[in-house]
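Peer 1: dropping the sequence and predicted coords here.
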Amino acid sequence: MRRASGAALTGLERMLRIDFLQQWYALADEALEDATYDSQAMHDFIGIDLAIESVPNAASLLRFRHLLEKHALTQRIFEEINTSLAEQGLFMREGTIVATAPPTENQAKQRDPEMQQTKKGNQWFFGLKTHIGVDAVTGLTHSVAATPANVADVTMTSHLVLDGDKRGYGDAGDTGMWKHLDEGKDAPDSRCCVAAKRGAIKKMDDSPMKTLLLRFEKTKARIRAKVEHPFHAIKNLFGYRKVRDKRLAKNQAQLFSPANLVLAKRCEGRVDGASAS
C-alpha cells in the first residue's frame, strides 16, 4: 500500500488505509480519530492535509466498518491482497500448513449464540477458533475460517489445503486429515504430513528407527513453525489477544489481510523458490 508520489487518494482508498491503521494499532474508532490528528506519519499515510481538511470522525469509521461487514468485503480484501502477493511469487504452492488459534472470550466476557464451549484436557474454553492455511515456504496466510470453539480442527482441513498443494502439514491434532482430503489411509501418493503423537514415540524402544523418526519429526516441526508467524503478527504486533467483537462474520479474515502485508515485507528478497517438501 505505497502511496504514489504526488497522487491524490480517493475517499475509498483513504478509508481502507484508515481501516488498516485501526487493525495494525488495535484502536477504537474515537482513539483512531484522535491518533490520526496527533501523528504526522498516520495522516501522511492516509493522504490527508490537515491544513485544508479534517480526519473522518468516529461515526464515519463505524459506518465504513459496518459497510465492509454487510457486503463481506473483508474476505474480498483478503483475497485481493493474496492475488497481488501471488503475482509477486510469494505463494509457492509447495504445501499448506494448517493451524488453529485457541478459543477465546470476547472482551465483555458475554455469551454469544454463535460461540460455543469446548474442553481441552481439564480446562474449558468458550468462544471461537480461527483456522488458517499458511504457505509452507513464505508463511503467508492464504485461507481463513472462523468457527465456534467446539468444531474439531481436523474437520476444517478441506477448507484450508488448496487443491494444487503438494503437501498438507498439520500437528498431532490433525491426525486423520486424509479423510477430509478424500485420500486413502497410508496411500503412497498422500499429501498428508502430520506430526506423530508424542505418546506413541515415547513408547518406542531406543533404536535406529526411533532416532530416524525423531529427526523426521523435527524436520516437520521446522516447517510447521511458519504457521506461528501470522499469529505472532496478530497477537503481538496488533495486540489482538481477545475477541473484540461478537459474531463470526466480524472476526473472520479481519486481521489476516494486514498481517500478510507485514509478513510479505519480510519475504522480499528472501524467496528463492526453495521447496518445503
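Peer 2: All right, it came through fine.

Peer 1: and the next element down the chain from the helix or strand where residue 15 lies?
Peer 2: If you go by DSSP states H and E, residue 15 is part of helix 11-25. Per DSSP H and E, the first helix or strand lying C-terminal to helix 11-25 is helix 29-38.

Peer 1: could you list every helix and strand in contact with that next one?
Peer 2: helix 11-25, helix 40-46, helix 58-70 (3 or more C-beta pairs under 8 Å, 6 or more residues apart in numbering; DSSP states H and E). (Each C-beta comes from the backbone N, C-alpha and C, glycine too.)

Peer 1: got the angle between the last one and helix 11-25?
Peer 2: It refers to helix 58-70. 90 degrees (axes from the mean of the first three to the mean of the last three C-alpha atoms, to 10 degrees).

Peer 1: what comes up buried for helix 58-70?
Peer 2: By neighbour count with 16 or more other C-beta atoms under 10 Å, helix 58-70 contains the buried residues 61, 64-65, 68.

Peer 1: ok, now the first one?
Peer 2: For helix 11-25, a neighbour-count test (16+ other C-beta under 10 Å) marks 14-24 as buried.

Peer 1: so, low pLDDT: which residues of the stretch 151-277 of the chain?
Peer 2: Along the stretch 151-277 of the chain, segments meeting pLDDT under 70 span 242-255, 268-277.

Peer 1: now the strands for it?
Peer 2: With strands called from DSSP state E, counting those that start in this stretch, the stretch 151-277 of the chain shows them at 168-170, 192-194.

Peer 1: can you list the helices and strands packed on helix 29-38 in JSON lines and add mean pLDDT and distance to residue 128?
Peer 2: Compiled in JSON lines, those are given as follows (pLDDT from 0 to 100; distance: least, C-beta to C-beta, whole Å):
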{"stretch": "helix 11-25", "mean pLDDT": "86", "distance to residue 128": "17"}
{"stretch": "helix 40-46", "mean pLDDT": "90", "distance to residue 128": "30"}
{"stretch": "helix 58-70", "mean pLDDT": "87", "distance to residue 128": "16"}
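
Peer 1: a markdown table for the ones you listed, including distance to residue 52?
Peer 2: Supplementary listing: the helices and strands packed on helix 29-38 in a markdown table, determined by distance: least, C-beta to C-beta, whole Å:
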| stretch | distance to residue 52 |
| --- | --- |
| helix 11-25 | 14 |
| helix 40-46 | 12 |
| helix 58-70 | 18 |
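
Peer 1: out of the ones you listed, flag the one nearest residue 82.
Peer 2: helix 11-25 (15.2 Å; C-beta to C-beta).

Peer 1: contacts for that closest one, please.
Peer 2: 1, 9, 27, 29, 32, 35-36, 42, 45-48, 56, 60-61, 64-65, 68, 77, 237-239, 254-255, 257-258, 261-262 (C-beta atoms under 8 Å, 6 or more residues apart in numbering).

Peer 1: from those residues, list just the buried residues.
Peer 2: Buried among the contacts of helix 11-25 (16+ other C-beta under 10 Å): 9, 27, 29, 32, 35-36, 42, 45-46, 48, 56, 61, 64-65, 68, 77, 237-238, 254-255, 257-258, 261-262.
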